[in-house]
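Enquirer: sequence first, predicted coordinates after that:
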Amino acid sequence: MPRLLNKVAVVTGGGRGIGKAIVEAFVAEGARVVIGDIDTHAASLESQLGAERVAFKRTDVTVDSDIEALVAYAVQRFGRLDIMVNNAGALGDQAALVNLDPNSFAKTIALLLGSVALGHKYAARQMIAQAEGGSIVSISSIAGIQAGWSSASYDAAKAAILHFSRSASYELAAKQIRSNVVAPGLILTPIIGTACDVAPEHYEAFTESLRAPYGDLIPLGRAGNPEDIAQAVLFFASAESSHITGQSLAVDGGLTSMTGFDIGGVVAQAVESFNAQIDRPDDGKIGWLPNKNH
Ligand SMILES: NC(=O)c1ccc[n+]([C@@H]2O[C@H](COP(=O)([O-])OP(=O)(O)OC[C@H]3O[C@@H](n4cnc5c(N)ncnc54)[C@H](O)[C@@H]3O)[C@@H](O)[C@H]2O)c1
């Protein structure tokens with residue numbers, strides 16, 4: 001049986017990248033989906049995936065009344081709301097910390113964290129009114145787990161999503177509304193191209209150029225695809241995770257659970273040069289237990 005049969009979902013930022021893959025995965029599992037996106041590129045998904053299953057509403061996720069209208073539209077169009085995915089985002093302010101501009105900082109926080117808060121607010125209102133529970137899934141980032149992936153503003157907003165969701169899950173548990181987070185690693189989407197001012201017609205080629213260097217960095221040896229994230233979101237959205245709330249899942253090919261550098265190799269090299277400097281017979285030299293990497 002399809003995992004989201006008769007479910008209605010809202011996906012913000014569903015027009016492309018990770019959000020689009022989430023919309024496609026949800027529709028494939030029987031859901032009806034309303035996409036809220038600031039860019040009308042999402043509108044074509046209505047005809048691509050079928051207007052009886054997918055609807056688009058232009059939405060700026062930083063605007064309270066837009067999110068309220070987005071949830072109301074889902075109810076008007078498809079009758080209810082079971083799943084809310086807070087996905088829309090961008091890299092936001094990437095200026096050096098010493099040049100931090102308060103307005104730009106506030107905009108970044110509003111886009112990345114405020115949108116998640118508003119998504120919870122209006123989804124929870126509707127789900128409480130329906131009295132049948134629901135699932136809210138928010139997209140954080142490995143930048144919310146480890147420093148150094150992006151600007152301090154982006155990293156802080158993404159970290160705050162993790163704790164916002166934990167707190168929300170506590171507040172909403174009695175109503176059977178779950179809140180969980182997916183933290184993507186390095187995923188091949190236009191997000192970097194947009195931040196680097198790549199022209200839209202070159203997004204695809206530019207994104208593709210990141211495949212090999214991302215693969216070199218990632219312990220599992222390949223860049224992430226939007227579908228990798230969509231499958232994790234699908235799990236949190238479906239009944240398979242019905243006893244899970246307040247949790248997060250990094251989908252990052254091992255980036256945040258492994259060092260990413262060869263400490264064994266560094267020590268082996270130090271041992272070798274140490275042995276070369278000391279005047280001892282071979283059998284008295286210090287040793288180093290090689291592992292599979294060296
Ligand atoms: N791609 C990655 O490597 C990566 C890694 C970690 C986290 N993320 C997060 O995943 C989410 C999706 O990113 P993506 O890579 O698919 O990016 P993307 O740029 O491909 O897509 C983002 C979508 O959000 C929409 N959007 C932007 N601002 C909006 C606003 N104010 N209101 C409504 N919609 C808006 C855009 O129009 C676009 O359709 C973001 O929250 C991002 O921070 C991405």
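Expert: Perfect, I can see it now.
Enquirer: run through the residues that contact the residue lying closest to His202 once chain neighbours are set aside.
Expert: Take His202 and drop its neighbours on the chain: the residue closest to it by C-beta to C-beta, 6 or more residues apart in numbering is Gly193, 7.1 Å away. Where C-beta positions appear, they are placed from N, C-alpha and C, glycine not excepted. Counting by C-beta atoms under 8 Å, 6 or more residues apart in numbering, Gly193 touches 202-203, 206-207.
Enquirer: most neighbours of all these, which one?
Expert: Comparing those on neighbour count, Thr207 comes out first with 20 neighbours (neighbours: other C-beta atoms under 10 Å).
Enquirer: hmm, back to that, ok so the residue nearest to His202 is a strand residue?
Expert: No. Counting by DSSP: H, G, I helix; E, B strand; the rest coil, Gly193 is not found in a strand; it is helix.
Enquirer: any idea how far it lies from the ligand?
Expert: 8 Å (C-beta to the nearest ligand atom, to the nearest Å).
Enquirer: returning to that earlier point: in helices, which of the contacts of Gly193 fall?
Expert: Secondary structure from DSSP state H places 203, 206-207 of those in helices.
Enquirer: so which bits of the helix ranked longest in the chain are buried?
Expert: When the chain is parsed with DSSP H, its longest helix is helix 152-172. For helix 152-172, burial by neighbour count (16 or more other C-beta atoms under 10 Å) applies to 152-162, 164-166, 168-169, 172.
Enquirer: one more: stretch 220-230?
Expert: Across stretch 220-230, burial judged by 16+ other C-beta under 10 Å covers 223-224, 226, 228-230.
Enquirer: pick out the residue of the stretch 51-200 of the chain closest to the ligand.
Expert: Gly89 (2.5 Å; C-beta to the nearest ligand atom).
Enquirer: right, and that residue touches Leu112 too?
Expert: Yes. The criterion here is C-beta atoms under 8 Å, and Gly89 meets it with Leu112 at 5.3 Å.
Enquirer: tell me which of the two has more neighbours.
Expert: Shown here are Gly89 and Leu112; by other C-beta under 10 Å, Leu112 has more neighbours (31 against 26).
Enquirer: can you give me the pLDDT of the closest residue to the more buried one other than its chain neighbours?
Expert: Nearest non-adjacent residue to Leu112, counting by C-beta to C-beta, 6+ apart: Ala157, 3.7 Å away. Model confidence at Ala157, given as pLDDT, is 98.
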